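*Asks:* Pasted the sequence and its predicted model underneath.
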Amino acid sequence: MRKFIKILSIVIVVGAIFILIGRVFYKVLCISCTTPPLKTYSYSGTMDDLESKIRKYSAANPNVRLKISRRSSSDDYSARDINVETENASDSIKYHLVLYDFNRATKLDLEEIYDETHHKGGNDINDPAVAKLYAGFEEKFLSKLEKDQNIKLKSGLFNSKWW
């Protein structure tokens, strides 16, 4: 009986250690912290083409600055983060966009919006400040990008299960 209790104690301690290590890895890898995008758009061309159009738009508009970084790619898709900063006389707004390339189609996610001047924003479309910033994104950035670069981004056509 004493040997059984000793073995049971060892099994419980080893199990607790595995659970603790698992929780640490879970938090470090941030497995569950991926939030859905504010809005998803699709573009019929390639990711390189859409990135080029966004670069051209930025070059033609001195109040728009870009920072583009590439994520490591897998066999199925690749992605690029595009941080757009727009400034006018009274506001400095940042948009975080992510482009995904999949079978020669492009998915554009608007991940978050932040008004640096008034310290408002985020990625919750139910927040009135975010909803207002999103309306400004569509009106002041997206519609002008589409018009200036002669492109069309369609809203919400990608199924998130693909990604």
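*Replies:* Done, it's in.

*Asks:* Okay, the most centrally placed residue in the chain and Lys147: tell me how far apart.
*Replies:* When CA atoms, centre = their mean is applied to the chain, the residue found nearest the centroid is Glu111 (3.7 Å). The gap separating Glu111 from Lys147 is 23 Å, by CB to CB, to the nearest Å. From N, CA and C alone the C-beta is placed, and that goes for glycine too.

*Asks:* How about exporting stretch 59-67 as CSV, limited to the C-alpha atoms?
*Replies:* What follows is stretch 59-67, C-alpha atoms only, in CSV (Å, rounded to 0.1, in the frame of the first residue of the first chain):
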residue,chain,number,x,y,z
ALA,A,59,3.7,58.2,-52.5
ALA,A,60,1.1,60.4,-54.1
ASN,A,61,-0.3,61.5,-50.7
PRO,A,62,2.3,63.1,-48.4
ASN,A,63,0.0,62.8,-45.4
VAL,A,64,0.1,59.0,-45.7
ARG,A,65,3.1,57.0,-44.4
LEU,A,66,3.6,53.2,-44.6
LYS,A,67,5.6,50.6,-42.8
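
*Asks:* Quick check: buried residues in that stretch?
*Replies:* Val64 (16 or more other CB atoms under 10 Å).

*Asks:* residues in contact with that stretch?
*Replies:* Stretch 59-67 has contacts (CB atoms under 8 Å, 6 or more residues apart in numbering) with 54-55, 57-58, 82-88, 141, 144, 148.

*Asks:* Could you give the average pLDDT over that stretch?
*Replies:* This predicted structure assigns stretch 59-67 an average pLDDT of 93.

*Asks:* And for stretch 7-23?
*Replies:* Here the average pLDDT along stretch 7-23 is 87.

*Asks:* Can you show me the strands along this structure?
*Replies:* All strands of the chain, identified by DSSP state E, fall at 39-43, 64-70, 78-87, 92-102, 105-115, 120-122, 154-155.

*Asks:* contacting residues around Gly122?
*Replies:* 112-114, 129-130.

*Asks:* Can you tell me how far it is from Glu111?
*Replies:* For Gly122 relative to Glu111 (CB to CB), the value is 10 Å.

*Asks:* So for Val14, which of the strands of the chain sits nearest?
*Replies:* When the strands of the chain are compared by CB to CB, strand 78-87 sits nearest Val14, at 39.0 Å.
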